[in-house]
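A.B. asks: Predicted model follows, preceded by the sequence.
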Amino acid sequence: MRNYLLALALSAAVAAQPSGPANTPFEGHPALQLANGKLELTILLQGSTFANLVLSGDPSRLSPLWDPIRMTRELGQDAKFTSGLGHFVCVDGFGPVSAEENAAGLPGHGEAHLQMFTVKSFENDGKTQTLSLAATLPITQERLIRTVRMVQGENVVYVNSRLESLLGFDRPVEWAEHATIGSPFLEPGVTVVDMSARRAQTRPYEPNEPGLPHRLPSGKDFSWPNAPTLSGKSVDLRAAPVETNSVDHTACLMDTARPFAFVTALNPQKHLLLGYVFRPSEYPWEQNWEYYPPTGKLARGLEFSSQPYDVPRREVVTAGSMFGAPLYRWLPAKSSIETSFLFFYTQVPDGFTRVDDVTFEDGSLVVVDRQAGKKIRLKASLPLGSAAQ
């Protein structure tokens, strides 16, 4: 409660500044909003979560990000918030914890998504807004600083994170950016996901496990996006099935020969595109989580991470690698490591149906649909990896 009140007080103080971010609660929880004439981004103080993203001037105010609170409300059910909206960070930890960690109070998906972040600094030079949020993770004894930058007139958000160790020994860390899209941006048979993936695998699971049925078999290797099905056929995983009643999870290894990897989600009917760009050296894996209940309230993870599946730390360290790629990062004693990525949200022209590549070129992001012979350019004036403050 003390951290919650402190976060409220600090956010109010920052919002009170003439050039400060707007103090805009989201789903009843404290949040700040950044806007640059192209995008409006809502950031929850809990977890520094990217909860809502809309195009400025869009009358529909359609965000591509998953909002399970709204979806639950639309189903006429009570919505209780713990975490998990939109794009949240899983550090240090991704997935369930061991019995001993659970007894010690360590939550699943790490501590960061549950912590109330405080505003470390905010700057606005008239062109670039820079918001830095920080939180201490009491059980793992780490400090996470998230710095978000938005440049006036760009469809791009730049994010840099620094994880600091407060302890005097090296340790392996798990880190995932749990980016998730949801309905109505995510439409069955319409919205497609593309990525710079190489090898892939369906998640191993136990037969007859509870929950929604699977479309895909357990623990089978394949080449993205064509995965084997339980019926022995092949399915293109880019789009959700028209008939929804399944849950599946696939691990996709990014092309490490590229300096930058990408994952995108495109709704060609709404002419809207969300994309992420990151270094495969920092996030070698993309976890494709597909949650397609018959209610039509769909969710799909675009989770770029240090590991292929959300599993306990001990299991990750024991496995060590998969497809020759590492499954965790080292955080040295009394030191820090950083990650950086950007995401963009934009309209696309008629006929734009897929993303074959995303590259940097002369201060712009170039997004290409080779099949349609189309490309879009988005101004991206900042380098990827501006240090966290």
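C.D. replies: All right, it came through fine. Note that the structure is predicted; figures quoted are calculated from it, not measured.

A.B. asks: could you pull out the strands for the stretch 101-250 of the chain?
C.D. replies: For the stretch 101-250 of the chain, applying DSSP state E, counting those that start in this stretch gives strands covering 118-124, 128-137, 142-151, 156-165, 171-173, 175-182, 192-195, 197-202, 221-223, 226-228, 234-236, 246-254.

A.B. asks: Let me have these in TSV, extended by mean neighbour count, distance to residue 95 and mean pLDDT.
C.D. replies: Backbone N, C-alpha and C define where each C-beta goes, glycine included. Output for the strands of the stretch 101-250 of the chain, formatted as TSV (neighbours: other C-beta atoms under 10 Å; distance: least, C-beta to C-beta, whole Å; pLDDT from 0 to 100):
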stretch	mean neighbour count	distance to residue 95	mean pLDDT
strand 118-124	17	27	97
strand 128-137	21	16	98
strand 142-151	22	17	98
strand 156-165	22	18	98
strand 171-173	19	13	97
strand 175-182	24	9	98
strand 192-195	23	21	98
strand 197-202	21	16	96
strand 221-223	14	21	98
strand 226-228	17	21	98
strand 234-236	13	25	97
strand 246-254	22	11	98
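
A.B. asks: Any idea which of those gets closest to residue 354?
C.D. replies: The closest of the strands of the stretch 101-250 of the chain to residue 354 is strand 192-195. By C-beta to C-beta, the value is 5.8 Å.

A.B. asks: which residues are in contact with the closest one?
C.D. replies: Outside of strand 192-195, the residues that reach it under the criterion C-beta atoms under 8 Å, 6 or more residues apart in numbering are 224-225, 237-239, 252, 254, 261-266, 268, 286, 288, 300, 302, 353-356.

A.B. asks: Which PyMOL command selects the buried ones in the residues you listed?
C.D. replies: Remark: buried members of the contacts of strand 192-195, expressed as a PyMOL selection using 16 or more other C-beta atoms under 10 Å:
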select buried, resi 224+225+237+238+239+252+254+261+262+263+264+265+266+268+286+288+300+302+354+355
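
A.B. asks: Any regions of the chain where pLDDT drops low?
C.D. replies: In the predicted model, the chain carries pLDDT under 70 at residues 1-19, 386-389.

A.B. asks: Can you tell me the strand partners of the lengthiest strand in the chain and which way each runs?
C.D. replies: What stands out as the longest strand in the chain, according to DSSP state E, is strand 336-347. Strand 336-347 has the following sheet partners, assigned by DSSP bridges: strand 156-165 (antiparallel), strand 272-278 (antiparallel).

A.B. asks: who's the spatially most central residue of the chain bridged to?
C.D. replies: When C-alpha atoms, centre = their mean is applied to the chain, the residue found nearest the centroid is residue 179 (2.0 Å). As for beta bridges, residue 179 partners with residue 87 under DSSP bridges.

A.B. asks: now do residue 22
C.D. replies: According to DSSP bridges, the partner residues bridging residue 22 are residue 33.
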